[in-house]
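> Below is the structure, and that's it, no one-letter string:
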């Protein structure tokens, strides 16, 4: 599993722009974690790397993409961040929660025009700190 995640990360990193075919893997990653399949729960730190690459390589598509029946990339990312916080609480592991914080920071650094989402970002951070 870890090798597959690494391959996806490397391919994304070495592309100038995320290809339509690579966006399919975004859905696979999100589905595996958000639908509680337990497949990637042990690899949250590794999964954060390709997700950051999606934001970094194609920030406009990340901000605007909508997957039929699944919602937008942004909505899925916020759901993922909440799920990672839940997993970290169950595991009683603050290091797991750092993946969520890293993803939030990556969104702020890479995706312009997300001012309307700042409320969600701050809400996650304040909730986690309390």
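Good, I have the coordinates. As the structure is a prediction and not an experimental result, all values here were calculated from the model.
> Report all helices and strands that the longest helix anywhere in the chain contacts.
Determined from DSSP state H, the single longest helix within the chain is helix 73-91. Judged by 3 or more Cβ pairs under 8 Å, 6 or more residues apart in numbering; DSSP states H and E, helix 73-91 is in contact with helix 20-34, helix 44-57, helix 59-64, strand 66-67, helix 94-110, helix 118-129. Glycine gets a C-beta too; all of them are placed from N, C-alpha and C.
> Lowest mean pLDDT across these, which one is that?
If you rank the helices and strands packed on helix 73-91 by mean pLDDT, helix 118-129 sits at the bottom with a mean of 77.
> Show me what that helix is packed against.
helix 73-91, helix 94-110.
> Tell me which residues of the longest helix of the chain come out buried.
Within helix 73-91, the residues that count as buried by 16 or more other Cβ atoms under 10 Å are 73-74, 76-78, 80-85, 87-88.
> what distance separates the helix or strand hosting residue 7 from the middle of the whole chain?
In the assignment (DSSP states H and E), residue 7 maps to helix 2-13. Mean-position distance between helix 2-13 and its chain equals 14 Å (Cα atoms, centre = their mean, to the nearest Å).
> returning to what we had before: report the angle between the axes of the longest helix of the chain and helix 44-57?
Relative orientation of helix 73-91 versus helix 44-57 (axes from the mean of the first three to the mean of the last three Cα atoms, to 10 degrees): 160 degrees.
> Give me the residues contacting helix 73-91.
The contact list for helix 73-91 (Cβ atoms under 8 Å, 6 or more residues apart in numbering) reads 26, 30, 33-34, 36, 41, 44, 51, 54, 61-63, 65-67, 70, 94-97, 99-100, 103-104, 107, 111, 114, 117, 120, 124, 127-128.
> among those residues, which ones are buried?
Here, 16+ other Cβ under 10 Å leaves 26, 30, 33, 41, 44, 51, 54, 61-63, 65, 96-97, 99-100, 103-104, 107, 111, 114, 117, 120, 124, 128 buried among these.
> show me what contacts residue 101?
125, 128.
> how much space is there between residue 100 and residue 19?
Note on residue 100: its distance to residue 19, by Cβ to Cβ, to the nearest Å, is 27 Å.
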